[in-house]
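*Asks:* following is a predicted model, sequence given first.
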Amino acid sequence: MPRAHIAFIEDDPVFQSVVRQYLMNTGYNVRCAESGGQGIELCRTECPDIVLCDLKLPDIDGLEVIEKLLKVCAHTPIIVISASEKMSDIREAVRLGAWDYLVKPLQNLDIIENAVEHCLQRYQLEETYLQDVWELDAHIDILYQNDLIVGRLVEELLPEGELRLNHYKFECVINDAGRAPVWIDYRPLTNGKVLVVMAAAQNATEQGLLPLLVLKTLIDPLIRQHLSGHDNTLLSPGALLSHLNHELCHSQVRSAFDTLVGVVDTLKHTWLWAQGGDKFQPEPGAKPDLALGIWQNANFREHKIEHFHKLYCAFEGTELTVTAAPQTA
């Protein structure tokens with residue numbers, strides 16, 4: 001049985017053949033179309049699990065294809081694979097509903113497989129979340145009665161140990177085993193920068209773990225694109241919150257999130273951040289904006305501190321600290 005059914009809309013016969021063969025060798029069933037019209041009809045008749053789509057097609061612009069596909073298969077994940085690196089194309093593709101955006105030429109085909117797996121994982125998490133909220137059947141009850149399973153889910157939302165970079169120390173400390181679910185992360189980016197994230201679902205129950213896991217999957221492709229040099233959305237916390245808010249408002253996840261995201265520049269000693277919702281009160285802090293997932297047109301302001309040396313934020317037994325140690329000669 002194939003891992004998933006993929007529709008691949010691509011007019012370059014060589015690239016189409018190479019990608020199709022690679023994905024089939026890794027266990028996927030792949031059907032191809034050489035034009036936008038053929039791709040739309042393919043998706044209408046076969047209902048694939050995921051769609052790969054080029055933007056430059058011979059008959060219909062790829063952005064228009066995405067828009068039409070959302071009417072044919074509204075919840076099917078769409079991954080754009082295009083030679084266009086224009087931010088306007090990327091923004092428009094995401095605005096229309098694309099889940100990921102890969103830029104040609106690809107360094108290796110593993111990038112496509114990873115993107116496909118990520119989208120399928122996110123889709124499955126959303127489906128599980130809907131089942132959790134709307135059905136609450138015995139299987140879900142059993143899931144959350146199992147402390148081992150809940151513990152593993154919680155671990156997915158916390159960083160693995162401390163991070164030290166250019167005299168800065170990032171650390172997460174848990175003081176209360178009975179705390180509400182929270183996602184905390186600090187990820188090294190390029191040029192000495194570190195992404196800091198804190199998020200909590202407003203329905204603060206154990207079931208809040210699943211929407212947090214879904215939120216986490218929304219940032220993963222942005223991290224991959226940033227590290228490959230194709231997208232710097234992560235470096236603008238306000239733009240990042242706007243992106244996440246748009247994705248949440250157009251997803252099946254019916255939950256609002258209190259969120260703090262920011263970037264520490266460990267070389268220039270600055271802290272740039274934005275905040276949605278008032279659950280997190282960092283020190284130093286600023287007035288927060290609307291929580292994520294409530295209003296699709298919400299705006300998120302950025303705040304900046306020069307000569308940054310310390311950040312402290314606590315949430316129901318979980319503490320995040322960022323400190324700069326004195327530099328040695």
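*Replies:* Alright, I've got the coordinates. What you see is a predicted model; the values in this text were computed from it and never measured.
*Asks:* all contacts plus neighbour counts: C-alpha atoms, from now on.
*Replies:* Fine.
*Asks:* which stretch of helix or strand covers residue 262?
*Replies:* Assigning secondary structure by DSSP states H and E places residue 262 in strand 257-265.
*Asks:* elements contacting whatever helix or strand residue 90 lives in?
*Replies:* If you go by DSSP H and E, residue 90 is part of helix 87-96. Judged by 3 or more CA pairs under 8 Å, 6 or more residues apart in numbering; DSSP states H and E, helix 87-96 is in contact with helix 62-72, strand 100-103.
*Asks:* and residue 187, which of the ones you listed is closest to it?
*Replies:* For the helices and strands packed on helix 87-96, proximity to residue 187 was assessed by CA to CA; strand 100-103 is nearest, at 19.7 Å.
*Asks:* which other residues reach that closest one?
*Replies:* For strand 100-103, contacts defined as CA atoms under 8 Å, 6 or more residues apart in numbering pick out 78-85, 90, 93-94, 112, 115, 119, 221, 225, 230.
*Asks:* got the domain ranges for this structure?
*Replies:* For the chain, automatic domain parsing gives the domain ranges 5-125, 147-324.
*Asks:* switch these over to JSON lines; also include mean pLDDT.
*Replies:* Formatted as JSON lines, the domains of the chain follow (pLDDT from 0 to 100):
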{"stretch": "domain 5-125", "mean pLDDT": "88"}
{"stretch": "domain 147-324", "mean pLDDT": "86"}
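*Asks:* now mean neighbour count too, for those domains, in a markdown table please.
*Replies:* Below are those laid out as a markdown table (neighbours: other CA atoms under 10 Å):
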| stretch | mean neighbour count |
| --- | --- |
| domain 5-125 | 18 |
| domain 147-324 | 18 |
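*Asks:* and the strands in the stretch 101-250 of the chain?
*Replies:* For the stretch 101-250 of the chain, the strands defined by DSSP state E, counting those that start in this stretch occupy 163-165, 168-174, 183-188, 193-201.
*Asks:* so who does the residue nearest to residue 232 when sequence neighbours are not counted touch?
*Replies:* Once flanking residues are discounted, residue 232 sits nearest to residue 226: 5.5 Å by CA to CA, 6 or more residues apart in numbering. Applying CA under 8 Å, 6+ apart, we find residue 226 in contact with 189, 232, 233, 234.
*Asks:* identify the residues contacting the last one.
*Replies:* By CA under 8 Å, 6+ apart, residue 234 lies in contact with 195, 222, 223, 226, 240, 263.
*Asks:* and the contacts of stretch 305-325?
*Replies:* Applying CA under 8 Å, 6+ apart, the external contacts of stretch 305-325 come out as 167-177, 179-180, 182, 184, 268-272, 279-284.
*Asks:* next: stretch 182-198.
*Replies:* So stretch 182-198 is contacted by 157-159, 163, 165-166, 170, 172, 199-201, 209, 212, 216, 223, 226-227, 234-235, 259-267, 280, 315, 320 (CA under 8 Å, 6+ apart).
*Asks:* my guess is residue 35 contacts residue 59, does it?
*Replies:* Yes: taking CA atoms under 8 Å as the definition, residue 35 is a contact partner of residue 59 at 6.2 Å.
*Asks:* which residues are in contact with the residue nearest the centre of the chain?
*Replies:* Among the residues of the chain, the one closest to the centroid is residue 218, at 1.4 Å (CA atoms, centre = their mean). By CA under 8 Å, 6+ apart, the residues touching residue 218 are 244, 247.
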